[in-house]
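>>> next come a sequence and a model predicted from it.
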Amino acid sequence: MTKPLTNRKPHRPWRERLVGFVDYLKDYCSNCSLVGFSYIANHSEYQKDFSTRAVSVIYESISSFAPIRFPSISVCQLPPKYDLGGGFEEYVQSLGTGIGEEYNFDVHSQMVFILFPDRYSPNTIQKRCKPYESCEECAKCPKKDFRQLALRLGLNCSGIFTKCSLSGKSFDCCQYFLPMVTPSGTCFLLNSLQNNEHGSKHWLSATLDRNNPPEFHMHLKRAAVLSLFNEEDLPTLSLPAVTTSATLGIHKIFKFYTEALVNDPEIRDIKPELRDCYFPDEVPSWSVHRAYSFSACISDCTRLAQIDKCNCSLFIFNPFNDERYPDCDFFGLLCLEKHGMVKPNIAWMMKYRHPAAKCDCLPACTESNIQAIYSNEQVEYPGAKDANITVSMTMWPTYQFRRVALRTKLDIVVTIGGIMGLFLGASILSAIEFIYYFTIRAVNTVQMANRNAEKRA
């Protein structure tokens, strides 16, 4: 009598048997004395080895006659003690008076924060605005539309610039210095990928040779902060930067030195996590900026952190008014101030984690090294109504940094070919021979056999 079918052991599917055999084979390779097999089986080890050795940065000499690119420049107005221009005082006076005085200086200070947000001091928004909420004739802090107020009351290009020149050649300041909302307020940027592009009519040719001295000169109608930066960067006083300031009646002389960072073409084929940088055109989907840079990444992460805490962000972190991220009104500002998020600490931002973003920001792959060398002020004459700034390079660069790929796709082909040649005596010719033998020759052999069979018939 046969046993019931229910007592028989079920047959394992062939896929499970195959997987089990592969696991057993991997276990053998991982623990056997054959070093090569052990290295292949522990794939995480050679993946880690590849990630730590994929890219290297070298320091190389260049020709002393090689052309250079003058850095990008930003000009951000400094808040003056008096006469902010643009109808600022008239607007504040139209809102009402102070308590026991005709002009409300607390509301004035709050409006200065809206125009120059990097001048924020902790826990000042509520102190300035709350005392006047119950006063009918008093000026009150604006409650919304801060972006429109900054645009309305801020000075335009012609209200700041007088004249500009590069290498002794004058150019129209307002054609090439384009306005943009930045973490430092509304600034004017020369040759920035954030609000311009190569080849446009607003892009100034700044590639210089030995016949063109690397010297930039300009006259301003207002006191301002001038920053030198890479074309993908953002001007922000929260991060270390090469900056200088000039006030009215002062001739500021500022000297710098720069060394370029270039990349081999193969760097593009390596993942950003392995090369430890992003190219300017590798902009993440959650960013509102047009080019990637470390400063743009920090700005994006600050905006996301503010959205998480208060469901809104300061308009300075959303330069192009992306509708995905609403601007804060007055109550949003109070919320940000309560959580200490109006001007968060950069070290904290680097540790911030968001479901949609990586805030351990990497540098840009094209981030050149710019260093401040010398700065000096000279008084022009008493009562002067302009600021004079001269920016020049101390010496022509003779060195540059180069990011090189240590392992490329071609290296994989060469390595495989070397291993096959060493152990099997194989080469590319062997691969071609193998393909030929089992395709063209196989078909030809069958056809010849059929023809011979027809002849015999």
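That came in fine, so what should we check first?
>>> in space, what's closest to the spatially most central residue of the chain - neighbours in sequence excluded?
The centroid of the chain falls nearest to residue 293 when counting by C-alpha atoms, centre = their mean (1.2 Å). If the residues on either side of it in the chain are set aside, residue 293 comes closest to residue 232, at 4.2 Å by C-beta to C-beta, 6 or more residues apart in numbering. Any C-beta I mention is one placed from the backbone N, CA and C, and that applies to glycine too.
>>> show me the contacts for the one you found.
For residue 232, the contacting residues are 192-194, 280, 291-293, 296, 364, 366-367, by C-beta atoms under 8 Å, 6 or more residues apart in numbering.
>>> most neighbours among those residues, which one is it?
Among those, residue 296 has the most neighbours (other C-beta atoms under 10 Å), with 29 neighbours.
>>> now the strands for the stretch 251-400 of the chain?
Secondary structure of the stretch 251-400 of the chain by DSSP state E, counting those that start in this stretch: the strands cover 261-263, 353-354, 357-358, 369-379, 387-393, 399-405.
>>> okay, now the spatially closest residue to residue 385 that is not a sequence neighbour: neighbour count?
Sequence neighbours aside, residue 248 is the residue nearest to residue 385 in space, at 6.1 Å (criterion: C-beta to C-beta, 6+ apart). Residues within reach of residue 248, counting by other C-beta under 10 Å, total 16.
>>> swap in residue 265?
For residue 265, using other C-beta under 10 Å, the count is 8.
>>> just the pLDDT for it.
Looking at residue 265, its pLDDT reads 90.
>>> check which helix or strand residue 164 maps to.
Using DSSP states H and E, residue 164 maps to strand 161-166.
>>> run through the bridge partners of the closest residue in space to residue 292 that isn't next to it in sequence.
With sequence-adjacent residues excluded and distances taken as C-beta to C-beta, 6+ apart, residue 292 is closest to residue 278, at 4.6 Å. With DSSP bridges applied, the residues forming beta bridges to residue 278 are residue 364.
>>> number of residues surrounding residue 278?
Neighbourhood size, residue 278 [other C-beta under 10 Å]: 24.
>>> check contacts around it.
So residue 278 contacts 272, 292, 362, 364-365 (C-beta under 8 Å, 6+ apart).
>>> tell me which of the residues you listed is nearest to residue 206?
Distance to residue 206, by C-beta to C-beta, is smallest for residue 364 among those, at 18.1 Å.
>>> the closest one and residue 445, how far apart?
Separation of residue 364 from residue 445 (C-beta to C-beta, to the nearest Å): 59 Å.
>>> residue 84 now?
Distance from residue 84 to residue 445, by C-beta to C-beta: 91 Å.
>>> higher neighbour count, these two?
A count of neighbours by other C-beta under 10 Å puts residue 84 above the other of residue 84 and residue 445, at 22 against 11.
>>> pretty sure that one contacts residue 112?
Yes. Counting by C-beta atoms under 8 Å, residue 84 touches residue 112, with 7.4 Å between them.
>>> roughly how far does residue 190 sit from residue 171?
To residue 171, residue 190 is 10 Å away according to C-beta to C-beta.
>>> repeat for residue 68
Relative to residue 171, and taking C-beta to C-beta, residue 68 is found at 18 Å.
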